[in-house]
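Visitor: following is a predicted model, sequence given first.
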Amino acid sequence: MLWQRPPHPPFDLSTLASNSVHVWRANLVLPPNLLNRISACLSSDEWARAKRFRFDRDRDRFIASRATLRHILSRYIDCAAEAIPFDYGAYGKPSLAIQTTRLEFNLSHSGDIALYAIGQQPLGIDIEYIKPRSHLENLARHCLSTSEYAAWDQQPEATKITTFLKFWTCKEAYLKALGRGLTQAMTEIEIEFCPHPVLCMQPHSQGFNPYTLRELTPGEGYVAAIAVAGTDWQLTGWEFDASSMRV
């Protein structure tokens, strides 16, 4: 997947066709002066969440990720970054509290990278930094279906963590698209890589408006996936430049 510099002038909804999905990649490691400048757009509840982080590094990543979200969304809608209102679903999925705007979005961050998915259909995205996980065997048994576990167990030890995270990001992206978070048992969702990920079991689609998956390449040492409702959609990757944010 190619990550392109966005064109000028800024986007609006007319640049986002009904079958288009845009994914933005952003670096969350920002110089302190830039981080302080862009943080002015956060709402009071976002600041309250930021203050709950124990470590400065995690707090700064959260501030950068939320400020970036606001500035990306402001490219598509006629609303200043600091004025964008959000609603949250029963399981915490954010959405725009602007009834006249048909725009779906989702975000995920891990390590130093954040990904933002923008479209006009339900979607979800997930990114994970590849690092050793304790109790990986136990995680695999609780998250993978019987056939997935068999495929995972045949992998060399050196690739097991990456293989597991590929299953995980696909399932997490699908559940986020549904707005259900981790309330759904992951073993009830089955994915086959042949070689691209395919949802073999979609418990909530009931044969209507099925979701399709695609793996993303956010950077070395990361895996990511996106789930989008429907089958006929086109994906474009954009590289976000934090220095372009205006306050």
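Guide: Yep, that arrived. Numbers count the residues shown, from 1 in each chain.
Visitor: secondary structure element for the residue nearest in space to the middle of the chain, which one?
Guide: Geometric centre of the chain, nearest residue: I125, 3.0 Å, by C-alpha atoms, centre = their mean. Assessed by DSSP states H and E, I125 sits inside strand 123-129.
Visitor: again, but for R25
Guide: Judged by DSSP H and E, R25 forms part of strand 20-27.
Visitor: what is that strand packed up against?
Guide: Where contact means 3 or more C-beta pairs under 8 Å, 6 or more residues apart in numbering; DSSP states H and E, strand 20-27 is packed against helix 56-76, strand 113-119, strand 222-229, strand 234-239. For glycine as for every other residue, the C-beta is placed from the backbone atoms N, C-alpha and C.
Visitor: in the last one, what's buried?
Guide: Read that as strand 234-239. Residues of strand 234-239 classed as buried by neighbour count (16 or more other C-beta atoms under 10 Å): T236, G237, W238.
Visitor: for the helix or strand bottoming out on mean pLDDT in the chain, buried residues please.
Guide: Least confident helix or strand, the chain: strand 197-201 with a mean of 85, by mean pLDDT, DSSP states H and E. By neighbour count on 16+ other C-beta under 10 Å, the buried set for strand 197-201 is P197, L199.
Visitor: using PDB, write out every CA atom in it.
Guide: Extracted in PDB, the C-alpha atoms of strand 197-201 (Å, rounded to 0.1, in the frame of the first residue of the first chain):
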ATOM      1  CA  PRO A 197      -8.000 -12.200   4.600                       C
ATOM      2  CA  VAL A 198     -11.500 -13.400   4.000                       C
ATOM      3  CA  LEU A 199     -14.300 -13.400   6.600                       C
ATOM      4  CA  CYS A 200     -15.600 -17.000   6.600                       C
ATOM      5  CA  MET A 201     -17.900 -16.400   9.600                       C
END
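Visitor: so that strand versus strand 222-229, what angle?
Guide: Strand 197-201 and strand 222-229 meet at an angle of 50 degrees, taking axes from the mean of the first three to the mean of the last three C-alpha atoms, to 10 degrees as the criterion.
Visitor: flag the shaky bits of this protein, pLDDT-wise.
Guide: Along the chain, the parts satisfying pLDDT under 70 run over 8-14, 99-101, 181-184, 201-209, 246-247.
Visitor: hmm, back to that, packing partners for the strand holding I125?
Guide: Strand 123-129 packs on strand 104-110, strand 113-119, helix 157-178, strand 222-229, going by 3+ C-beta pairs under 8 Å, 6+ apart.
Visitor: sort out which residues of it are buried, please.
Guide: L123, G124, I125, D126, I127, E128.
Visitor: what does that strand rub up against?
Guide: If you take C-beta atoms under 8 Å, 6 or more residues apart in numbering as the criterion, strand 123-129 is touched by 21, 23, 104-111, 113-117, 165, 168-170, 172-178, 216, 218, 221-229.
Visitor: in its sheet, what does it sit against?
Guide: Each strand paired with strand 123-129, and its direction, by DSSP bridges: strand 222-229 (antiparallel).
Visitor: report the distance from the strand it pairs with to the chain centre.
Guide: With C-alpha atoms, centre = their mean, to the nearest Å as the basis, strand 222-229 stands 7 Å off its chain's centre.
Visitor: can you check stretch 52-59 too?
Guide: For stretch 52-59 - counting by C-alpha atoms, centre = their mean - the centre lies 21 Å from the chain centre.
Visitor: for stretch 129-146, same thing?
Guide: Mean C-alpha position of stretch 129-146 versus that of the full chain (C-alpha atoms, centre = their mean) differs by 20 Å.
Visitor: please export the C-alpha coordinates of it as PDB.
Guide: Output in PDB follows, covering the C-alpha atoms of stretch 129-146 (Å, rounded to 0.1, in the frame of the first residue of the first chain):
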ATOM      1  CA  TYR A 129       2.900  -3.000  17.200                       C
ATOM      2  CA  ILE A 130       4.700  -6.300  16.900                       C
ATOM      3  CA  LYS A 131       6.300  -7.100  20.200                       C
ATOM      4  CA  PRO A 132       6.400 -10.200  22.400                       C
ATOM      5  CA  ARG A 133       3.200 -11.000  24.200                       C
ATOM      6  CA  SER A 134       3.100 -12.900  27.500                       C
ATOM      7  CA  HIS A 135       0.900 -16.000  27.500                       C
ATOM      8  CA  LEU A 136       0.600 -16.000  23.700                       C
ATOM      9  CA  GLU A 137      -0.500 -19.600  23.700                       C
ATOM     10  CA  ASN A 138      -3.400 -18.700  26.000                       C
ATOM     11  CA  LEU A 139      -4.300 -15.700  23.900                       C
ATOM     12  CA  ALA A 140      -4.400 -17.800  20.800                       C
ATOM     13  CA  ARG A 141      -6.700 -20.400  22.400                       C
ATOM     14  CA  HIS A 142      -9.100 -17.700  23.500                       C
ATOM     15  CA  CYS A 143      -9.200 -15.600  20.300                       C
ATOM     16  CA  LEU A 144      -8.800 -18.100  17.500                       C
ATOM     17  CA  SER A 145     -11.300 -20.500  16.100                       C
ATOM     18  CA  THR A 146     -10.400 -24.200  15.900                       C
END
